[in-house]
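Engineer: need a structure here:
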Amino acid sequence: MRVITQHTLGGPEVLTIAEVPPPRPLPTEVLVRVEAIGLNPLEPRLRAGEFPLLGRPPFILGWDISGVVETAQTWRLRPGDEVFGMPLFPRAANAYAELVAAPALHLVRKPASLSHVEAAALPVVGLTAWQGLVDLGGVREGTRVLIHAGGGGVGHVAIQIAKSLGAHVITTVSASKREFVEELGADEVIDYTAVDFAEVVGDIDVALDTLGGDTAARSLDVLRPGGHLVTAVADEDTELIAKFDAAGKRFSGVAVDPDPAALQGLVDLVDHGKLRVHVQATFPFERIADAHRLIESGHLQGKVVLTV
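Structural biologist: Residues are numbered from 1 along each chain as shown. Here you go, the predicted model:
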């Protein structure tokens with residue numbers, strides 16, 4: 001089978017296609033013939049060596065997949081089932097490949113309402129948003145939610161999840177994405193290029209941060225007493241955590257993990273017309289370097305997907 005691998009750290013040009021033997025699924029696992037692979041901003045950073053999650057090369061990147069079960073060593077799924085998920089994260093799933101072996105519990109059946117491309121785009125961003133807003137944030141009817149970067153991968157899904165729960169949603173985006181996030185249901189839109197959100201927003205119950213930098217720190221003052229910041233990027237900042245504690249506000253880091261119950265929750269929202277995943281661009285397997293360049297250009301609207 002073909003895989004996309006790298007033997008050194010560096011720019012997109014280090015990604016190469018190679019032929020390797022197919023993996024063998026263990027008991028409780030399935031072998032998936034991959035139709036589409038969702039790409040995430042984490043992967044170019046790993047490729048470049050910004051942090052050693054996968055150790056030293058050679059390695060195969062990728063987690064988000066959608067495809068068809070080819071063989072099954074489990075009663076949970078059968079050959080021919082269309083499935084999608086985010087297997088093994090944060091361990092290597094070797095998902096930039098034509099065939100992927102994955103635990104059956106890390107996958108769910110793909111609904112007919114999602115194409116393979118759309119399904120592959122959903123797991124990492126959908127699970128991050130779900131775990132941040134539902135599991136950690138406890139968002140419900142009437143919650144005031146601030147979603148930073150609402151036009152991005154996590155953000156555009158988070159808006160829809162929060163709205164499905166009955167929340168009042170405020171989001172920050174550039175002016176070019178205003179119409180996009182309004183169509184997704186955002187109640188208030190802040191153009192971060194023209195306005196400082198910290199000066200115009202207040203009384204927030206839950207803020208979701210996937211940006212990093214000083215976004216988490218600047219969110220402190222917009223939270224109501226007892227308000228909750230959920231961040232996917234600043235969870236090891238002990239000084240900042242202490243500031244939240246001193247202010248009587250909550251601080252949580254969300255490290256996304258495989259979760260079939262949450263994946264099924266996302267499927268239910270899709271089937272009820274309350275969630276759609278936006279794919280900005282698709283690239284064929286052979287153009288993985290171009291796909292990484294697009295991700296690294298920044299300012300994505302939704303997701304980038306590789307087709308196999």
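Engineer: Residue nearest the middle of this structure, spatially speaking?
Structural biologist: Nearest to the geometric centre of the chain sits residue 125, at 1.9 Å (CA atoms, centre = their mean).
Engineer: nearest residue to it other than its sequence neighbours?
Structural biologist: Nearest residue to residue 125, sequence neighbours excluded (CB to CB, 6 or more residues apart in numbering): residue 153, at 4.1 Å. (Glycine included, C-beta is placed from N, CA and C.)
Engineer: Tell me how far that neighbour lies from residue 88.
Structural biologist: In this view, residue 153 and residue 88 are 20 Å apart by CB to CB, to the nearest Å.
Engineer: Between those two, which is the more surrounded one?
Structural biologist: residue 153 (30 against 18; other CB atoms under 10 Å).
Engineer: so how far is residue 70 from the more buried one?
Structural biologist: 28 Å.
Engineer: How about residue 196?
Structural biologist: Counting by CB to CB - residue 196 and residue 70 are separated by 52 Å.
Engineer: Then residue 261?
Structural biologist: 25 Å.
Engineer: ok, those two, which is more surrounded?
Structural biologist: Comparing residue 261 with residue 70 by other CB under 10 Å, the one with more neighbours is residue 70, at 18 against 9.
Engineer: where exactly do the helices run in the stretch 201-308 of the chain?
Structural biologist: Counting by DSSP state H, counting those that start in this stretch, one finds helices in the stretch 201-308 of the chain at the ranges 215-219, 238-246, 260-271, 288-296.
Engineer: What helices and strands are in contact with the third one?
Structural biologist: Right, the one you point to is helix 260-271. strand 82-85, strand 107-109, helix 123-130, helix 153-164 (3 or more CB pairs under 8 Å, 6 or more residues apart in numbering; DSSP states H and E).
Engineer: would you list these in TSV and tack on mean pLDDT and distance to residue 38?
Structural biologist: Converted to TSV, the helices and strands packed on helix 260-271 look like this (pLDDT from 0 to 100; distance: least, CB to CB, whole Å):
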stretch	mean pLDDT	distance to residue 38
strand 82-85	98	9
strand 107-109	98	13
helix 123-130	98	7
helix 153-164	98	9
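Engineer: Identify whichever of these lies nearest to residue 62.
Structural biologist: Residue 62 lies closest, by CB to CB, to one member of those: helix 123-130, at 10.1 Å.
Engineer: okay, the angle between the closest one and helix 260-271?
Structural biologist: 90 degrees (axes from the mean of the first three to the mean of the last three CA atoms, to 10 degrees).
Engineer: residues in contact with helix 123-130?
Structural biologist: Around helix 123-130, the neighbours that count as contacts under CB atoms under 8 Å, 6 or more residues apart in numbering are 38, 40, 42, 63-64, 84-86, 89, 153-158, 161, 208, 210, 232, 254, 256-259, 262-263, 265-266, 275, 277, 303.
Engineer: one more time with 6 Å
Structural biologist: Residues from elsewhere that reach helix 123-130 (CB atoms under 6 Å, 6 or more residues apart in numbering): 40, 64, 85-86, 153-154, 157-158, 161, 232, 256, 259, 262, 266.
Engineer: re the thing from before, redo the helices and strands packed on helix 260-271 as JSON lines? Include distance to residue 245.
Structural biologist: Formatted as JSON lines, the helices and strands packed on helix 260-271 follow (distance: least, CB to CB, whole Å):
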{"stretch": "strand 82-85", "distance to residue 245": "36"}
{"stretch": "strand 107-109", "distance to residue 245": "37"}
{"stretch": "helix 123-130", "distance to residue 245": "24"}
{"stretch": "helix 153-164", "distance to residue 245": "25"}
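Engineer: Identify whichever of the ones you listed lies nearest to residue 12.
Structural biologist: helix 153-164 (18.7 Å).
Engineer: Next, the angle from that closest one to helix 123-130.
Structural biologist: Going by the same axes, to 10 degrees, helix 153-164 makes 50 degrees with helix 123-130.
Engineer: helices or strands next to helix 153-164 in the packing?
Structural biologist: helix 123-130, strand 144-147, strand 168-173, helix 178-184 (3 or more CB pairs under 6 Å, 6 or more residues apart in numbering; DSSP states H and E).
Engineer: Give the burial count for residue 23, as a bare number.
Structural biologist: Residue 23: 17 neighbours (other CB under 10 Å).
Engineer: To what extent is the closest residue to it other than its chain neighbours buried, counted in neighbours?
Structural biologist: In space, and not counting its chain neighbours, residue 23 is closest to residue 101: 3.9 Å by CB to CB, 6+ apart. Residues lying near residue 101 (other CB under 10 Å) number 21.
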